[in-house]
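Visitor: structure, please.
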Amino acid sequence: MSASFNDTVGNAILGIDTLWGGDVMSASGTGRFIADSWFSGEPLPLAYTHPTAARLRESGGVSAKTPDRAAIEAYLAAVDIPAAIHALPCLPPSHPSRERERTVSPDPYLSSLADCFQVMWDLAMEILDQGQPVPYERCVLASTGRPPEPSDPIARRERVAELLAEAGYLSNDRAGLLAAVDAWRKAHLVPLASIRVMGAAVIAWFDQMTAANLVPHLPVELHSVPRANIEFLPIKDAWFSGSMNYLGRASRPDGSPEYEACYEINASLRISFPELLQLVSHEVVPGHVTTFAYLQNLYVRGKVGFEATVLTMNTRAAALFEGIANNAILIAHGALEVSELPDPDLQIGVLLALLQDDAKNQSSYLTWGQGVPQADVAATLRQDFLVSSERADKLSGAWGRHPLLGRMYLPAYRAGTQRVAELRRRYPPERILPVLYGCSGLVDIVTIEQALTEPRTSQTEPRTSQTEPRT
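Guide: As a prediction, the model looks like this:
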């Protein structure tokens with residue numbers, strides 16, 4: 001694609017990322033923020049390379065407790081972020097398979113990206129006292145495509161209580177249920193010192209199931225793509241519970257990608273083995289790492305454009321990716337509902353993970369929509385959503401009260417999960433799975449509907465291989 005397209009997309013994404021203190025070239029989640037990846041091999045744009053960018057990234061951007069205003073002013077004088085954002089919807093198709101979109105103005109995917117970046121810009125200006133407060137509803141609409149709403153944990157919480165009772169963890173009230181959940185977690189606790197060995201075994205297991213229940217529905221060219229080339233790394237004192245960092249910059253001797261990633265897990269995290277299973281399916285296979293690896297392969301083969309190589313947080317694309325990841329354990333098992341999973345303990349683990357994502361949305365809604373104090377939010381998350389005390393504190397504090405993540409990202413998990421689950425119930429796997437994993441082009445939580453309702457082309461038809469998929 002032309003340099004003007006790549007530069008515009010790169011400057012818009014990395015400009016916003018740098019403004020908020022992110023560094024897409026960092027191998028760690030402690031350095032990355034809005035921009036999730038840069039695996040195109042293209043030169044980095046001015047928004048990243050300008051001399052003022054390094055100082056701004058080092059200072060933490062507008063995310064810092066005390067933003068370095070001089071660094072911000074110098075950067076914004078050199079890099080015109082609003083111009084790049086405004087230009088996104090006007091760009092031509094980034095690759096031949098989207099020629100049909102020449103008649104559609106603005107481009108749906110890039111337009112939604114621009115909407116999200118405009119909100120992020122306005123939030124930054126709000127922090128700097130250079131703009132009006134951004135309405136909470138506008139933030140949630142931008143990242144999820146729908147207005148904010150509270151979570152309803154009752155059905156999942158009651159099902160957890162039933163499954164725990166069947167396993168011998170009885171409870172008569174909410175306090176008893178919390179005690180039962182804590183006791184169940186303690187009985188199934190994963191020793192973090194063994195996380196690499198256990199993670200490798202679980203990854204291999206999920207990769208095998210993915211080969212059976214996902215891969216046959218995808219084009220044969222994707223069958224041999226490594227789906228889980230990842231290393232687990234415990235990290236101390238991180239503000240996050242875990243961070244998947246897709247790198248994708250290493251090459252094999254023949255020049256093809258390694259599709260490599262790492263996953264940093266908070267060394268203080270207390271997690272049960274069934275919850276670890278959900279975590280691996282979410283972060284690795286067939287979740288985030290698999291999704292990114294397929295998009296990288298599609299880019300290398302010219303099936304998706306440059307924008308698919310600079311993936312983002314706090315956007316409608318991110319909401320879809322979180323939805324894929326939260327449904328990944330069901331996709332791996334060839335199931336549509338949690339009740340279809342083969343083991344009751346696994347069902348408990350998945351339900352607790354889904355309740356945690358419901359809690360993320362509730363934290364956002366209570367904090368930014370209702371103005372509820374942090375202590376009360378934490379108590380609600382603990383009591384109503386059965387999260388651990390550590391999770392309740394993080395989700396109501398570092399995450400929930402973050403001016404960007406609290407308003408845009410926390411609601412995306414629940415929205416994406418519901419959307420992907422609903423689409424999987426409506427469409428057969430041979431139709432929905434190729435679209436979810438990029439075979440009809442890059443889509444987000446809203447634009448995916450268009451990709452599903454359009455007539456199929458030879459590019460998007462899944463094909464079967466005469467040989468077994470490589471696992």
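Visitor: now do stretch 60-75: everything it contacts.
Guide: 18-22, 33, 50, 52-53, 55-56, 59, 124, 127-128, 402, 404 (Cβ atoms under 8 Å, 6 or more residues apart in numbering). In short, each C-beta sits where N, CA and C put it, glycine included.
Visitor: cool, and stretch 252-262?
Guide: Counting by Cβ under 8 Å, 6+ apart, stretch 252-262 makes contact with 27, 39, 225-226, 229-233, 244-251, 284, 289, 292-293, 296-297, 300, all of which sit outside it.
Visitor: list buried residues within those residues.
Guide: For the contacts of stretch 252-262, a neighbour count by 16 or more other Cβ atoms under 10 Å gives the buried set as 27, 39, 225-226, 229-230, 232-233, 244-249, 284, 289, 292-293, 296-297, 300.
Visitor: could you find the closest non-adjacent residue to Gly406?
Guide: The spatial neighbour of Gly406 that comes closest, neighbours along the chain excluded (Cβ to Cβ, 6 or more residues apart in numbering), is Gly400 at 4.9 Å.
Visitor: same check, this time on Ile34
Guide: Spatial nearest neighbour of Ile34, excluding adjacent residues (Cβ to Cβ, 6+ apart): Asp17 at 4.2 Å.
Visitor: can you pull the contacts of that neighbour?
Guide: Asp17 makes contact with 23-24, 33-35 under the criterion Cβ under 8 Å, 6+ apart.
Visitor: mind listing what's buried in stretch 160-178?
Guide: Of the residues in stretch 160-178, those buried under the neighbour-count criterion (16+ other Cβ under 10 Å) are 160-161, 163-164, 169, 171, 177-178.
Visitor: now do the end-to-end distance for it.
Guide: Taking Cα to Cα, to the nearest Å, stretch 160-178 runs 11 Å from one end to the other.
Visitor: quick one: residues in contact with it.
Guide: For stretch 160-178, contacts defined as Cβ under 8 Å, 6+ apart pick out 157, 179-181, 183-184, 344-345, 347-348, 351-352, 355, 382-383, 386.
Visitor: ok so Ala261 is a strand residue?
Guide: Yes - using DSSP: H, G, I helix; E, B strand; the rest coil, the assignment for Ala261 is a strand.
Visitor: what is the lowest-mean-pLDDT helix or strand in the chain packed up against?
Guide: Across the helices and strands of the chain, mean pLDDT, DSSP states H and E gives its lowest value to strand 229-235, namely a mean of 82. Packed against strand 229-235 by the contact rule (3 or more Cβ pairs under 8 Å, 6 or more residues apart in numbering; DSSP states H and E) you find helix 195-213, strand 260-266, helix 288-300.
Visitor: which one of these has the lowest average pLDDT?
Guide: Between the helices and strands packed on strand 229-235, the lowest average pLDDT goes to strand 260-266, which shows a mean of 85.
Visitor: how far off helix 195-213 does that one point, in degrees?
Guide: Between strand 260-266 and helix 195-213, the angle comes out at 130 degrees (axes from the mean of the first three to the mean of the last three Cα atoms, to 10 degrees).
Visitor: can you give me the buried ones in strand 260-266?
Guide: 260-266.
Visitor: beyond it, next helix or strand please.
Guide: Next helix or strand after strand 260-266 toward the C-terminus (DSSP states H and E): helix 273-283.
Visitor: so which residues make contact with that following helix?
Guide: 185, 188-190, 198-199, 202-203, 206, 230, 242, 244, 263, 271, 287-289, 325-326, 328-329, 332, 343, 345-346, 348-350, 352-353.
Visitor: next one: stretch 390-401
Guide: By Cβ under 8 Å, 6+ apart, the residues outside stretch 390-401 that reach it are 239, 241, 268-270, 356, 359-360, 363-364, 367, 374-375, 377-379, 381-382, 387, 405-406, 410.
Visitor: now stretch 439-452
Guide: Contacting residues not belonging to stretch 439-452 are listed as 97-98, 108-109, 112, 144-145, 218-219, 222, 294-295, 298, 303-305, 307-308, 315-317, 319-320, 323, 415-416, 419, 423, 427, 431-432, 434-436, 454, 459-460, 462 [Cβ under 8 Å, 6+ apart].
Visitor: make it 6 Å
Guide: With Cβ atoms under 6 Å, 6 or more residues apart in numbering as the contact definition, stretch 439-452 has outside contacts at 108-109, 112, 145, 219, 304, 308, 316-317, 319-320, 416, 419, 435, 460.
Visitor: now do stretch 309-318
Guide: Here stretch 309-318 makes contact (Cβ under 6 Å, 6+ apart) with 13, 34, 36-37, 39-40, 112-113, 116, 143, 145, 299, 408-409, 412, 444-446.
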